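>>> need the 3D shape of this:
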Amino acid sequence: MTSAVPPHRLDPDGGCPHAANARLLGRGPVADVVLPGEVPGMAVLGHEALRDFLSRPDVAKAPAHFTALREGRIPEGWPLLTFATVPGMITADGDDHRRLRSLVTKALTGRRVEAMRPGIETVTEALLDRLAGAAGDDGVVDLREHFALPLPMGVICELLGVDEAHQDRLHRLSNQVVSTAIGPKEAIAANRELAGLLAAIAGERAERPGTDLTSALIAAREEDGDRLSQQELIGTLLLMIVAGHETTLNLITNAVRALCAHREQLAAVLAGRAGWADAVEETLRWDSPVSYFPFRYPTEDITVGGTVIPRGTPVLAGYSAAGRDPAAHGPDADRFDIARGDKTRHLSLGHGAHYCLGAPLARMEAAIALEGLFTRFPELDLAVPEAELPRHGSFVGNSVGRLPVRLSP
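Model (predicted):
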């Protein structure tokens, strides 16, 4: 352990991370943590320490470097096991990572992402058309369920060629797979069901290929048998679906909450004195959609931020903490300010070789969503106090589980 200070015990049910982050950052940029199942780990929280850690060549993603897993001390139903073992970009290093990443990169070029804009705008308008009708007798509607969720889920499923009929089930299963509060039996069942569903989706695309990304991944595998195994295909689809909608879902939800709590800044954007992209970037920094992301493992004992991280330790990237690190963002780091200079100086979408491939798409979706929502409903506000919003049940994702709003006073 790094010191005599007791390690921080991560709450599997999530909760708002910012108070604990501030306390931990006060001790230093790296902290000992206790993961579910009493598994010891560490978290890198400081902005500069995290930036350094994410770009180090002596830090790996492959599960072979996870000492406790390699030694058989991690049970099958461990809630974080998928993050550690799913085949694909998220657990690959070196040439394997470059090979897998290159396949997806071709589908997410800047030109292709920009070409998706009209379709995203059309979906946004259609969801907004239906939003008022989804409200209850009290005029309250869950914006997360009826807007922030279906928009990115629809976009990523269209990109992957996934039939709309699968979307609700995919969200339910991916939500279970990334939950840190799920029990062992439920975790095993959810992973098996999701793997089976993704295999069925891949089978559909193999039989009826199209211009979608799944068809392209299958074609690449067929052109060269070593390019993409069946497990890698399933793992890549899982990563794309989870990262492609959960992160953007949280980003939109958190941005709406932030703007509702800072009406003067919302007014500035509506009046054209600031841009929707400014609101997106400040949300990414101030209330990152991901709090603690698993895992990386030092391949040898390393020193980060003055703290030794032993070889094989499972390390979390503390994105929400780094976003409010006063050492990087000044003494007012905990203040939401869309006029803040250098707003892109955050790590919420990663850094280094594993930087989020979907970052441009997530930014564009969120900006389109916010502009459409508040242009249509400029008086929209939370229907309950912020403190009463139920938190998302995970310390990986950072958001609320519901977002009840009134579209007009």
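
>>> which residues sit against stretch 187-194?
Under the contact criterion CB atoms under 8 Å, 6 or more residues apart in numbering, stretch 187-194 has outside partners 76-79, 81-82, 170, 173-174, 176-177, 179, 182, 238. Bear in mind the C-beta positions are built from the backbone N, C-alpha and C, glycine included.

>>> make it 6 Å
G77, P79, T82, L173, Q176, V177 (CB atoms under 6 Å, 6 or more residues apart in numbering).

>>> equivalent analysis for stretch 170-181, please.
Taking CB under 6 Å, 6+ apart as the rule, stretch 170-181 contacts 12-13, 36, 79, 82, 153, 182, 190-191, 193-194, 241-242, 393-396.

>>> count the residues that sit near S174.
23 (other CB atoms under 10 Å).

>>> circling back: can I have the buried ones of the contacts of stretch 170-181 as a PyMOL selection?
To isolate the buried members of those in PyMOL, using 16 or more other CB atoms under 10 Å:
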select buried, resi 12+36+79+82+153+182+190+191+194+241+242+393+394+395+396
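
>>> mind checking which of the contacts of stretch 170-181 are in helices?
Under the assignment DSSP state H, these contribute T82, M153, A190, N191, E193, L194, I241, V242 to helices.

>>> output those residues as CSV; include the columns distance to A19 and pLDDT.
Output for these, formatted as CSV (distance: CB to CB, whole Å; pLDDT from 0 to 100):
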residue, distance to A19, pLDDT
T82, 28, 91
M153, 31, 92
A190, 30, 91
N191, 32, 89
E193, 36, 93
L194, 33, 92
I241, 32, 89
V242, 27, 87
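
>>> closest one to I338 out of these, please.
M153 (26.7 Å; CB to CB).

>>> for D138, phi and psi?
For D138, the backbone dihedrals (degrees, to the nearest 10) come out as phi -90, psi 0.

>>> without its sequence neighbours, what residue ends up closest to it?
A383 (7.9 Å; CB to CB, 6 or more residues apart in numbering).

>>> please tell me the pLDDT value assigned to that neighbour.
pLDDT for A383: 97.

>>> number of residues surrounding it?
The tally of other residues near A383 (other CB under 10 Å) stands at 20.

>>> now do A115
By other CB under 10 Å, 10 other residues sit near A115.

>>> measure it to S102 for me?
Using CB to CB, to the nearest Å, one obtains 20 Å as the distance from A115 to S102.

>>> repeat that for P7.
39 Å.

>>> who's more crowded, these two?
The neighbour comparison of P7 against S102 (other CB under 10 Å) goes to P7, with 17 against 12.

>>> skipping adjacent residues, who's closest to that one in space?
D32 (3.7 Å).

>>> quick check, E365 in contact with H245.
No - counting by CB atoms under 6 Å, E365 stays clear of H245, with 9.6 Å between them.

>>> elements contacting the helix or strand of the chain with the lowest mean pLDDT?
The helix or strand of the chain with the poorest confidence is helix 213-223; it has a mean of 78 (mean pLDDT, DSSP states H and E). Counting contacts by 3 or more CB pairs under 6 Å, 6 or more residues apart in numbering; DSSP states H and E, helix 213-223 packs against helix 150-160, helix 184-207.

>>> which one of these is the most hemmed in?
Among those, judged by mean count of other CB atoms under 10 Å, the one packed with the most neighbours on average is helix 150-160 (a mean of 23).

>>> angle of it against helix 184-207?
50 degrees (axes from the mean of the first three to the mean of the last three CA atoms, to 10 degrees).

>>> which outside residues touch helix 150-160?
Counting by CB under 6 Å, 6+ apart, 120, 123, 167, 171, 212-214, 244-245, 248-249, 365, 369 sit against helix 150-160.

>>> equivalent analysis for stretch 382-389, please.
V140, C260, V400, P404, V405, R406.

>>> so what does W276 look like in phi/psi?
Torsion angles, degrees, to the nearest 10, at W276: phi -60, psi -30.

>>> pretty sure it contacts G372?
No - under the criterion of CB under 6 Å, W276 is not in contact with G372, lying 9.5 Å apart.

>>> can you list the buried residues in the least confident helix or strand of the chain?
Those would be L213, T214, S215, A216, L217, I218, A220, R221, for helix 213-223 by 16+ other CB under 10 Å.

>>> give the contact list for the fifth one.
Under the criterion of CB under 6 Å, 6+ apart, the neighbours of L217 are L103, L228, L233.

>>> how close does it get to A92?
Taken as CB to CB, the span from L217 to A92 is 15 Å.

>>> can you check the first one too?
Distance, L213 to A92, by CB to CB: 18 Å.

>>> now the second one
As for T214, its distance to A92 is 19 Å (criterion: CB to CB).

>>> repeat for the fourth one
As for A216, its distance to A92 is 19 Å (criterion: CB to CB).

>>> neighbours of R324, just the number please.
Around R324 there are 24 residues (other CB under 10 Å).

>>> how about the secondary structure of the closest residue in space to it that isn't next to it in sequence?
In this structure, R324 finds its nearest non-sequential neighbour in A333, 4.6 Å apart by CB to CB, 6+ apart. Here A333 takes the coil state, with states given by DSSP: H, G, I helix; E, B strand; the rest coil.

>>> can you give me the strands in the stretch 301-409 of the chain?
302-304, 307-309, 315-318, 381-382, 404-406 (DSSP state E, counting those that start in this stretch).

>>> quick one, what contacts the residue nearest the centre of the chain?
Centroid-nearest residue in the chain: T247, 3.3 Å away (criterion: CA atoms, centre = their mean). Shown in contact with T247 (CB under 6 Å, 6+ apart): P289.

>>> report the angle between the helix or strand hosting it and helix 150-160.
T247 belongs to helix 230-261 when elements are defined using DSSP states H and E. Interaxial angle of helix 230-261 relative to helix 150-160 (the same axes, to 10 degrees): 150 degrees.

>>> what helix or strand is V162 on?
Using DSSP H and E, V162 falls within no helix or strand.

>>> so what's the residue count around it?
Neighbours around V162, by other CB under 10 Å: 25.

>>> which residue sits closest to it, ignoring its sequence neighbours?
I201 (5.6 Å).

>>> try T105
Distance criterion CB to CB, 6+ apart; nearest residue to T105, sequence neighbours excluded, is L357 at 6.4 Å.

>>> can you pull out the strands in the stretch 51-200 of the chain?
59-60, 140-142.
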